[in-house]
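*Asks:* A structural model of the following input is requested.
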Amino acid sequence: MDQDTLKQLLQQVQAGDLGIDEAIEGLKNLPFESMDFATLDHHRALRCGFPEVIYCPGKTVEQVRVIFGRLAEAGGPVLATRASDEQYAAVAADIPAAEYHPAARAITLRQGEPAEAAGHVAVIAAGTSDLPVAHEARVTAEIMGARVTTHFDVGVAGLHRLLACKSELQSANVIVAVAGMEGALASVVGGLVSAPVIAVPTSVGYGASFGGVAALLAMLNSCASGVSVVNIDNGFAGGYIAAVINKQTAG
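*Replies:* Have a look, this model is predicted:
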């Protein structure tokens, strides 16, 4: 249950449109709900501004279906990351409004009145092979209410491609830079903009990239002061943090 939903419920009680017992029924699963295989944190939106997110790998199709459904009942937006086609099919059978984003491997459900997006998040990717992680960042930021612009295949091997979108990047409140190989994109972008840059290393690259460790270390050692780094392939974290920064900056 998010703040808007809770506020509406309390206003209904105050106005006499909703009885105390009915309000208690609506709040009975706060702050959490225990199930055999999960304990859902229904207070997450009140504390952190966005509901609990479902990480699908390691969960069965049935577990994802049930968890998604319980979170949807709370009335707020729902996000499930790294979801399979089978997991989405099970969710959609119960909730037809749920949307699957194949490139991002994510399931989303938009509910309630979406906040008007102010400012924007720019998501950039060095190469086409980085797109699954970049799309995960994009979908995450969008479901959290951010307006997102994307600039793909603008890696430093063809620097003119990046410079062509410099003005758009400089107008962003925060930038998510997704890159594998040597991970140089974040440092270059960090030297062009005043906004914070969230670097997301990917596991894309040949043997000496060590599954993204080379990009991770390069980003951690960036000479650009405004760059911070999340874990390898963690587009979700990049998008989430970007949306939070954008909301604070725009507000």
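
*Asks:* excluding its backbone neighbours, what's nearest Thr202?
*Replies:* Sequence neighbours aside, Gly180 is the residue nearest to Thr202 in space, at 3.9 Å (criterion: C-beta to C-beta, 6 or more residues apart in numbering). Every residue, glycine included, has its C-beta placed from N, CA and C.

*Asks:* give me every residue that touches that neighbour.
*Replies:* By C-beta atoms under 8 Å, 6 or more residues apart in numbering, Gly180 lies in contact with Ala126, Gly127, Ser129, Asp130, Pro201, Thr202, Ser203, Val204, Gly205, Ser209, Gly212, Ala215.

*Asks:* Could you give the separation of stretch 63-78 from the chain centroid?
*Replies:* Remark: stretch 63-78 is offset 16 Å from the chain centroid, using C-alpha atoms, centre = their mean, to the nearest Å.

*Asks:* what's in contact with that stretch?
*Replies:* Defining contact as C-beta under 8 Å, 6+ apart, one finds that stretch 63-78 is touched by 1-2, 5, 29, 33, 35, 37-38, 40, 42, 45, 50-52, 54, 56, 59, 80, 83, 87, 90-91, 93-95, 98, 107-112, 143-144.

*Asks:* try stretch 199-216
*Replies:* 127, 129-130, 133-134, 137, 176-183, 185-186, 218-219, 222, 227-235, 237-238.

*Asks:* Kindly report the same for stretch 185-194.
*Replies:* With contact meaning C-beta under 8 Å, 6+ apart, stretch 185-194 is reached by 124, 126, 154-156, 159, 162, 166, 169-170, 172, 175, 177-179, 197, 199, 218-219, 222-227, 229.

*Asks:* Ser129: what secondary structure?
*Replies:* Recorded secondary structure, Ser129: helix (DSSP: H, G, I helix; E, B strand; the rest coil).

*Asks:* any idea how far it lies from Gly155?
*Replies:* Plainly put, Ser129 is 10 Å away from Gly155 if you go by C-beta to C-beta, to the nearest Å.

*Asks:* quick one: the strands in this structure?
*Replies:* 32-34, 39-41, 54-55, 78-81, 99-101, 106-109, 121-125, 148-152, 174-179, 197-201, 227-229 (DSSP state E).

*Asks:* For Ile245, which of those strands is the nearest?
*Replies:* The closest of those to Ile245 is strand 174-179. By C-beta to C-beta, the value is 4.5 Å.

*Asks:* Quick one: list the elements packing against the closest one.
*Replies:* If contacts are counted by 3 or more C-beta pairs under 8 Å, 6 or more residues apart in numbering; DSSP states H and E, strand 174-179 sits against strand 121-125, helix 131-143, helix 185-190, strand 197-201, helix 235-250.

*Asks:* what does the domain assignment say about this structure?
*Replies:* Following automatic domain parsing, one finds the domains of the chain at 3-109, 121-250.

*Asks:* Where does pLDDT dip in the stretch 51-200 of the chain?
*Replies:* For the stretch 51-200 of the chain, the stretches flagged by pLDDT under 70 are 113-116.

*Asks:* If we use 80, what do you get?
*Replies:* Scanning the stretch 51-200 of the chain for pLDDT under 80 picks out 112-118.

*Asks:* Now do Leu220 against Val230, distance only.
*Replies:* Counting by C-beta to C-beta, the gap from Leu220 to Val230 is 11 Å.

*Asks:* Same drill for these two, tell me which one is more crowded.
*Replies:* Comparing Leu220 with Val230 by neighbour count (other C-beta atoms under 10 Å), the higher total belongs to Val230, at 21 against 14.

*Asks:* can you pull the contacts of the closest residue to the more buried one other than its chain neighbours?
*Replies:* Leaving out its chain neighbours, the residue that sits closest to Val230 by C-beta to C-beta, 6+ apart is Ala237, at 4.2 Å. By C-beta under 8 Å, 6+ apart, the contact list for Ala237 reads Val200, Val230, Asn231.
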